[in-house]
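Novice: the sequence and its predicted three-dimensional model are supplied below.
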Amino acid sequence: MRKGALIRLFAAVLAVVSVTSCAVRTDQVARDPNTVRIAVNGWVGYEASAEVLAYILREEMDYEVQLMRVDEQPAWQALDQGVLDVIVENWGHEDLMELYGPEGKGTVVDGGPTGNVGVIGWYVPAYLVEEYPEIATVDGLARHTDLFRTAQTGDKGEFLAGAPGFVTQDQGMINAFDLDLEIVYAGSEASQITEVRRRYADEEPVLFYFYDPQWLQDELDLVKVEFPPYFPGCDDDLEYVPCDYPVYELNKIFRTGFVETGDPAYQFLDNWRWSNSDQNEVARMIADEGLDPSEAAEIWVDANPDVWRDWIPEGFEGP
């Protein structure tokens with residue numbers, strides 16, 4: 001985002017905070033109808049989605065687009081305050097929907113599926129499973145946590161996590177299954193991938209939090225550790241979680257006021273659906289090939305008109 005646009009965006013945040021009162025729904029603020037404001041959370045798959053949508057909005061629909069890098073929970077707060085219009089990849093967050101959704105403040109609405117199916121889990125390299133076949137089950141893992149000991153974790157095995165702000169129930173799983181593990185945060189998706197790739201290249205043991213869609217899944221031969229399947233309520237107490245993660249139907253979250261405009265930009269985002277492989281294709285270009293995100297988006301858009309043409313509202317003639 002250009003410096004001037006960033007300054008104006010944060011000025012808008014301050015203005016909203018200063019004028020908000022209990023008499024006004026906080027998301028109903030003045031906005032440029034020709035500008036769409038999209039949150040960008042901290043993983044490359046999300047960025048891939050946001051960049052493709054932004055490219056089409058700009059080049060095919062003549063909108064201005066502001067991409068705001070923001071963590072997951074603050075993005076919901078920004079929707080509530082009226083300074084963002086959409087989160088384009090949401091992983092759960094039922095607590096935030098309860099607070100800001102129709103049964104709460106009414107400032108956000110579920111925008112429906114993106115087409116992506118999200119899977120979070122614990123992963124080990126396939127070469128480790130070849131040597132210790134039982135390690136891909138929770139009982140086998142419990143017998144081999146010593147393989148993952150590091151200088152940092154001492155007598156405990158290391159569980160390598162990504163960013164602290166990601167959706168996680170890992171400590172509750174460690175507690176529930178009495179696993180001799182300690183969580184170590186890489187700090188970001190990029191840092192975690194760098195460390196996993198390093199250990200993978202040297203065929204070292206590594207146990208880590210990971211997910212799909214994620215472009216690295218196509219590069220490395222990884223095995224997801226089997227835990228008892230998720231069932232409703234098993235993750236209510238995050239200090240004791242005797243189950244795996246749920247499968248997420250990833251969805252969009254809209255600012256209620258943005259939906260109420262019925263704007264073609266909203267209709268376009270509402271129509272948007274694509275696959276895990278679509279997202280991974282763009283994410284790989286950004287993270288692995290080093291392309292500028294907007295260039296990666298342009299390449300995908302040029303190659304896939306049969307996918308995205310249907311997202312543009314029928315009869316669209318401009319904002």
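Specialist: Thanks, I have the structure now. Numbering: from 1, shown residues only.
Novice: pretty sure Val225 is touching Trp122, no?
Specialist: Yes: look at Val225 against Trp122 with C-beta atoms under 8 Å: they come within range, at 4.2 Å. C-beta: built from backbone N, CA, C; applies to glycine.
Novice: ok, Met173 to Ile183 distance?
Specialist: Noted for Met173: a distance of 10 Å to Ile183, by C-beta to C-beta, to the nearest Å.
Novice: those two - which one has more neighbours?
Specialist: Met173 (25 against 16; other C-beta atoms under 10 Å).
Novice: what's the helix or strand for the more buried one?
Specialist: For Met173, the host element (DSSP states H and E) is helix 170-176.
Novice: so who does Lys203 touch?
Specialist: Just to correct that, residue 203 is Glu rather than Lys. Contacts for Glu203 were tallied using C-beta atoms under 8 Å, 6 or more residues apart in numbering; they are 125, 127.
Novice: rerun at 7 Å
Specialist: Tyr127 (C-beta atoms under 7 Å, 6 or more residues apart in numbering).
Novice: kindly report the same for Trp43.
Specialist: Trp43 sits next to Glu189 when contact means C-beta under 7 Å, 6+ apart.
Novice: one more time with 8 Å
Specialist: 162-163, 166, 189, 214.
Novice: where in the stretch 1-150 of the chain is pLDDT low?
Specialist: Applying pLDDT under 70 to the stretch 1-150 of the chain flags the ranges 1-24.
Novice: need the max-distance pair from the contacts of Trp43.
Specialist: Using C-beta to C-beta, the contacts of Trp43 span at most 13.5 Å, a distance reached by Ala163 and Gln214.
Novice: quick one: which of these two has more around it?
Specialist: Gln214 (23 against 20).
Novice: tell me which of the contacts of Trp43 is nearest to Ile87?
Specialist: Phe166 (14.6 Å).
Novice: pLDDT score for that closest one?
Specialist: On pLDDT, Phe166 comes in at 84.
Novice: need the three-state assignment for Val36.
Specialist: Three-state assignment for Val36 (DSSP: H, G, I helix; E, B strand; the rest coil): strand.
Novice: scratch that, Asp32
Specialist: Under three-state DSSP, Asp32 falls in the coil class.
Novice: tally of neighbours for it?
Specialist: Asp32 has 12 neighbours, counted by other C-beta under 10 Å.
Novice: dump the residue contacts of it.
Specialist: Counting by C-beta under 8 Å, 6+ apart, Asp32 touches Glu64.
Novice: quick check on it: phi, psi?
Specialist: The phi/psi pair for Asp32 (degrees, to the nearest 10) reads phi -70, psi 120.
Novice: follow-up on the earlier one: which one of Val225 and Trp122 is surrounded by more residues?
Specialist: In this view Val225 and Trp122 are compared by other C-beta under 10 Å, and Trp122 has more residues nearby, 24 against 18.
Novice: hey, what's the more buried one bridged with?
Specialist: On the basis of DSSP bridges, Trp122 is bridged to Tyr209.
Novice: and the gap between it and Glu281?
Specialist: Here the distance between Trp122 and Glu281 works out to 26 Å (C-beta to C-beta).
Novice: could you do Gly165 as well?
Specialist: 26 Å.
Novice: what about those two, which has more around it?
Specialist: Neighbour count, other C-beta under 10 Å: between Gly165 and Glu281, Glu281 has more, with 19 against 14.
Novice: show the contacting residues for that one.
Specialist: For Glu281, the contacting residues are 215, 300, by C-beta under 8 Å, 6+ apart.
Novice: host element of it?
Specialist: helix 276-287.
Novice: any idea which helix or strand comes after that helix?
Specialist: Counting by DSSP H and E, the next helix or strand C-terminal to helix 276-287 is helix 293-303.
Novice: output the contacting helices and strands for that following helix.
Specialist: For helix 293-303, the packing partners by 3 or more C-beta pairs under 8 Å, 6 or more residues apart in numbering; DSSP states H and E come out as helix 44-59, helix 276-287.
Novice: for the stretch 151-300 of the chain, what spans make up the helices?
Specialist: 170-176, 189-201, 256-261, 264-271, 276-287, 293-303 (DSSP state H, counting those that start in this stretch).
Novice: understood, closing this out.
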